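Asks: I would like to see how this sequence folds:
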Amino acid sequence: MASRSKSEPILNGEPVSQPPSDQPASSPLNSQQKLQELATCLSKVIRGKQEAVEVLITAILAGGSVLMDDVPGVGKTTLAKALARSLDVAFNRVQFTPDLLPSDILGASIYNPVDGSFTFRKGPIFCNVLLADEINRASPRTQSALLEAMSEAQATIEGVCHELPNPFVVIATQNPVDFHGTYPLPEAQLDRFLVYMNLGYPNAETELDILFDQAITHPIDSVKPVLSREQVVTMQAAVRQVHVDRSVGQYIVELVTQSRADERLKLGVSPRGSLMMFRASQAAAFLAGRDHATPDDVQKMARYVLPHRIVLTSKSRYSSVGRAEIIEDLIRTVRVPV
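Replies: Numbers count the residues shown, from 1 in each chain. Just a heads-up that it's a prediction; the model follows:
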């Protein structure tokens, strides 16, 4: 007869297996609980921006970078910092300024006069979450230092390739391009951001709540880690297992193909944009607690994944139509799979 542990419970004369006290992060139930905790935590810091919080979490699950474009003071940096504090990962912040150099981000070799050797000192890019604050205030040369890191999770410095930690995500903020002292991000840089979003001003009631929330202390001071690095990596792997039917994939392709044929656009969505739409749809489904993506996931994320990837013609720029309106037109005109 097999021996039994004294601590093992008995029911009707038979040993009962106990569930583990801590469910793995890959457990669907545990994942949803953790993601809900994360959303609640962020919503306490940024009031009235539930959709922005969901999009930000979706981007993290998809392993993509985020660009937040809005006027100063609406909470872009605060939201990014709150996310970093909610994740138990390595976090660095770089304040982009006109005199910032690529080596200030990537790192450089430092000469040691004692033995005449050079020692590589890693820059702030070697982290899990990098906050690139006011990224469009730096020169294009410095902005381009992030290109390789954002697309390949590596950095080539002085001819040597350095792998970046996993996960690696850039959360960038920028002020509108018509503000003084800004450099517009080139199309190649924009295309590497998974999502592009605006926070906008809060309504009057929400702004009143913000005043009293911060009367004594800032809500961000009480933010505690919700997810560990290992849990984030596990969830990102689970996102890639979310099923996407071929008809949904065809829907994505038709959306981006239609953008390339639009006469109002000089440049449509690239194949990289199609890939990112695919991954964002999987992440949106995972966040919703589903194991399959739907056309609704595609439509929801298209409003954040596609606008910054299109370039308007000169005629369109001076008309009343904007990039968001063109994406809405594409969503309305392209047939939705049944």
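Asks: I figured I220 was touching K81, is that so?
Replies: Yes. Assessed by CB atoms under 8 Å, I220 is found in contact with K81 at 6.2 Å. (C-beta placed from N, C-alpha, C; glycine too.)
Asks: Spit out the contact partners of Q282.
Replies: 62, 239-240, 242, 244, 293, 297 (CB atoms under 8 Å, 6 or more residues apart in numbering).
Asks: Now a PyMOL select for only the buried ones of these.
Replies: In PyMOL syntax, the buried subset of these is picked out as below (16 or more other CB atoms under 10 Å):
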select buried, resi 62+239+242+244+293+297
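Asks: With secondary structure, pLDDT and distance to L87 as extra columns, can I get the contacts of Q282 in TSV?
Replies: Formatted as TSV, the contacts of Q282 follow (DSSP: H, G, I helix; E, B strand; the rest coil; pLDDT from 0 to 100; distance: CB to CB, whole Å):
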residue	secondary structure	pLDDT	distance to L87
A62	helix	96	15
V239	helix	96	16
R240	coil	96	19
V242	coil	96	21
V244	coil	96	26
A293	coil	97	24
D297	helix	97	23
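Asks: Going along the chain, name the strands of the stretch 1-150 of the chain.
Replies: Per DSSP state E, counting those that start in this stretch, the stretch 1-150 of the chain carries strands over the ranges 10-11, 14-15, 66-69, 87-88, 91-95, 107-112, 117-122, 129-133.
Asks: Tell me how far the nearest residue in space to K44 that is not next to it in sequence lies from D69.
Replies: Take K44 and drop its neighbours on the chain: the residue closest to it by CB to CB, 6 or more residues apart in numbering is P219, 5.3 Å away. P219 sits 24 Å away from D69 when distances are taken as CB to CB, to the nearest Å.
Asks: try D221
Replies: 27 Å.
Asks: So the two - more neighbours on which side?
Replies: Ranked by neighbour count (other CB atoms under 10 Å), D221 and D69 place D69 first, with 19 against 9.
Asks: In contact with that one, which residues?
Replies: So D69 contacts 173-176, 196-198 (CB under 8 Å, 6+ apart).
Asks: can you check L146 too?
Replies: By CB under 8 Å, 6+ apart, the residues touching L146 are 105, 125, 132, 170, 189, 192.
Asks: Select from those the one having the most neighbours.
Replies: Among those, A132 has more neighbours than the rest - 26 neighbours, counting by other CB under 10 Å.
Asks: From F168, how far out is the nearest residue to I125 once chain neighbours are set aside?
Replies: Of all residues not flanking I125 in the chain, I105 sits nearest, at 5.3 Å (CB to CB, 6+ apart). Distance, I105 to F168, by CB to CB: 13 Å.
Asks: just L208 next, same as before
Replies: 38 Å.
Asks: Now do stretch 274-282: distance to the chain's middle.
Replies: 13 Å (CA atoms, centre = their mean, to the nearest Å).
Asks: What of stretch 306-320?
Replies: For stretch 306-320, the distance to the chain centre is 24 Å (CA atoms, centre = their mean).
Asks: Please give the element, helix or strand, for C161.
Replies: strand 160-163 (DSSP states H and E).
Asks: From the opening residue of stretch 63-78 to its closing one, how far?
Replies: Start to finish, the residues bounding stretch 63-78 are 21 Å apart (CA to CA, to the nearest Å).
Asks: typed the wrong thing, it's stretch 131-138
Replies: End to end - CA to CA - stretch 131-138 spans 14 Å.
Asks: One more: stretch 317-325?
Replies: Terminal residues of stretch 317-325 are spaced 12 Å apart (CA to CA).
Asks: Other residues contacting it?
Replies: 264, 303, 307-308, 310, 312.
Asks: what's the nearest residue to M68 once chain neighbours are set aside in contact with, if anything?
Replies: Distances taken as CB to CB, 6+ apart place K76 nearest to M68, at 4.4 Å, with adjacent residues excluded. Shown in contact with K76 (CB under 8 Å, 6+ apart): 68, 70, 173, 199.
Asks: Going through these, which ones are buried?
Replies: Using 16+ other CB under 10 Å, the buried members of the contacts of K76 are 68, 70, 173, 199.
Asks: Report the contact partners of the last one.
Replies: Contacts for L199 (CB under 8 Å, 6+ apart) come out as 46, 49, 52, 68, 70, 74-76, 79.
Asks: repeat for the third one
Replies: Listed by CB under 8 Å, 6+ apart, the contact set of T173 reads 67-70, 76-77, 80, 131-135.
Asks: so can I have JSON lines of those residues showing pLDDT?
Replies: Below are the contacts of T173 laid out as JSON lines (pLDDT from 0 to 100):
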{"residue": "L67", "pLDDT": "95"}
{"residue": "M68", "pLDDT": "93"}
{"residue": "D69", "pLDDT": "90"}
{"residue": "D70", "pLDDT": "86"}
{"residue": "K76", "pLDDT": "88"}
{"residue": "T77", "pLDDT": "88"}
{"residue": "A80", "pLDDT": "89"}
{"residue": "L131", "pLDDT": "93"}
{"residue": "A132", "pLDDT": "93"}
{"residue": "D133", "pLDDT": "91"}
{"residue": "E134", "pLDDT": "90"}
{"residue": "I135", "pLDDT": "92"}
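Asks: ok, of the residues you listed, which one's closest to Q154?
Replies: A132 (17.2 Å; CB to CB).
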